[in-house]
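Asker: 3D, please:
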Amino acid sequence: GCLGSETVETPRLDAAADESIVFEDYMTVVPGTLPSHVSLLTGLYPHHHGTPRNGFMVNLRNELLPEVLQEAGFTTAGFAGAFVLSAAFDFAQGFDHYDEDVAAYQNAKESQRRAEAVTDAAIDYLEREGVPERLFLFAHYFDPHRPYAPPEPYETMYDPEGRRGLPGAPRLLSDSSYTEETREQLAGRLALQYAGEISYTDHHVGRLLDYLREQGILDDALLVVTTDHGESLWEHGEHFDHGWEVYDSTVRCVCLMRFPKGWSGGVRVPGLVASIDIAPTVASYLDL
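Answerer: Got it, this is the predicted structure:
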């Protein structure tokens with residue numbers, strides 16, 4: 001909503017945006033989860049950090065933001081929402097605590113845990129360990145990915161039919177029995193399930209922000225809310241996916257930066273900003 005959607009409801013991110021600097025033309029440097037996250041945390045393009053796609057190892061010679069913060073005395077804690085960011089790929093460099101529910105993962109394509117579980121894990125950790133004087137907290141949410149399957153009430157939030165009679169994206173794309181009219185109609189319904197995933201994730205990001213505020217953490221923190229890529233729905237040839245094409249639908253992203261006590265909240269930055277600028281900005285702000 002804070003970036004102009006009149007359809008998808010994101011009240012918690014919209015409220016955070018009111019207290020944040022909002023980057024209106026923010027682009028990822030690669031539309032894939034693992035390489036994009038490595039770029040986010042190193043400030044390097046994939047051809048420099050060496051992780052071009054999901055499933056590759058993260059080179060140990062890279063220096064990731066949690067490593068920089070760890071050396072500066074921060075306690076570093078990460079919570080992964082999908083196997084694609086598993087420590088098995090050496091993504092967890094620099095984290096004192098890295099939480100991933102490996103038992104729930106089945107494969108590297110769609111293995112994930114819901115946003116509710118990620119927020120619960122982060123809150124449980126802070127409740128159990130207490131809040132250190134200096135904390136870097138990384139929470140990764142994966143829900144707006146195939147298969148689009150939000151729980152209620154989000155399944156029927158934008159389509160009262162929910163997923164009833166709705167095929168998955170692979171069948172929709174491959175089943176020759178569908179007429180073009182039917183395919184277009186079903187594609188529109190699939191997109192509404194994707195919208196439900198976004199609103200569901202918004203709610204559970206909001207739960208984490210509520211907890212940080214209640215504990216007195218939020219107003220002392222630098223908060224960055226960003227996405228690693230977008231999603232192609234029915235606009236281009238890469239239907240209901242991402243990773244291969246670089247249209248705006250897959251490379252234009254969200255980035256909100258909330259400074260302590262909401263300083264400069266509501267400022268809009270219209271010019272182009274790249275995802276590789278995030279780690280250097282955070283390090284610079286902390287004078288590291």
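
Asker: spatially central residue in the chain, please.
Answerer: residue 227 (4.2 Å; C-alpha atoms, centre = their mean).

Asker: look up how far residue 205 lies from it.
Answerer: Using C-beta to C-beta, to the nearest Å, residue 227 is found at 11 Å from residue 205. Backbone N, C-alpha and C define where each C-beta goes, glycine included.

Asker: and if you look at residue 199?
Answerer: Distance, residue 199 to residue 205, using C-beta to C-beta: 11 Å.

Asker: buried sites along the helix ranked longest in the chain?
Answerer: In the chain, assigned by DSSP state H, the helix with the most residues is helix 180-214. Going by neighbour count (16 or more other C-beta atoms under 10 Å), the buried part of helix 180-214 is 183, 186-187, 189-209, 211-212.

Asker: got it, and stretch 127-136?
Answerer: For stretch 127-136, by 16+ other C-beta under 10 Å, it's 135, 136.

Asker: output that stretch as CSV, nothing but the C-alphas.
Answerer: Taking C-alpha atoms only, stretch 127-136 is exported to CSV below (Å, rounded to 0.1, in the frame of the first residue of the first chain):
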residue,chain,number,x,y,z
GLU,A,127,12.3,-14.1,25.4
ARG,A,128,14.7,-17.0,26.2
GLU,A,129,18.0,-15.2,25.8
GLY,A,130,17.1,-11.6,26.7
VAL,A,131,17.9,-8.6,24.7
PRO,A,132,21.7,-7.9,24.5
GLU,A,133,23.1,-4.4,24.5
ARG,A,134,23.9,-4.6,20.8
LEU,A,135,21.8,-6.8,18.6
PHE,A,136,21.6,-7.6,14.9
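
Asker: ok, the residue nearest to the centre of the chain touching residue 253?
Answerer: Yes. The pair formed by residue 227 and residue 253 meets the contact definition of C-beta atoms under 8 Å, at 4.3 Å.

Asker: give me the common contacts of these two.
Answerer: Common contacts of residue 227 and residue 253 (C-beta atoms under 8 Å, 6 or more residues apart in numbering): residue 28.

Asker: can you list the weak-confidence ranges in the protein?
Answerer: 102-110 (pLDDT under 70).

Asker: so where do the strands sit in it?
Answerer: With DSSP state E as the criterion, the chain has strands at 21-27, 75-79, 97-99, 135-139, 223-226, 252-253, 255-258, 268-274.

Asker: from residue 288, how far off is residue 48?
Answerer: Note on residue 48: its distance to residue 288, by C-beta to C-beta, is 20 Å.

Asker: how far away is the closest residue to residue 257 other than its chain neighbours from residue 261?
Answerer: Among residues not flanking residue 257 along the chain, residue 21 sits closest, at 4.7 Å (C-beta to C-beta, 6 or more residues apart in numbering). Counting by C-beta to C-beta, the separation of residue 21 from residue 261 is 13 Å.

Asker: ok, residue 87 next?
Answerer: 34 Å.

Asker: spit out the contact partners of residue 63.
Answerer: Residue 63 is in contact with residue 42, counting by C-beta under 8 Å, 6+ apart.

Asker: scratch that, residue 261
Answerer: Neighbour list for residue 261: residue 219 [criterion: C-beta under 8 Å, 6+ apart].
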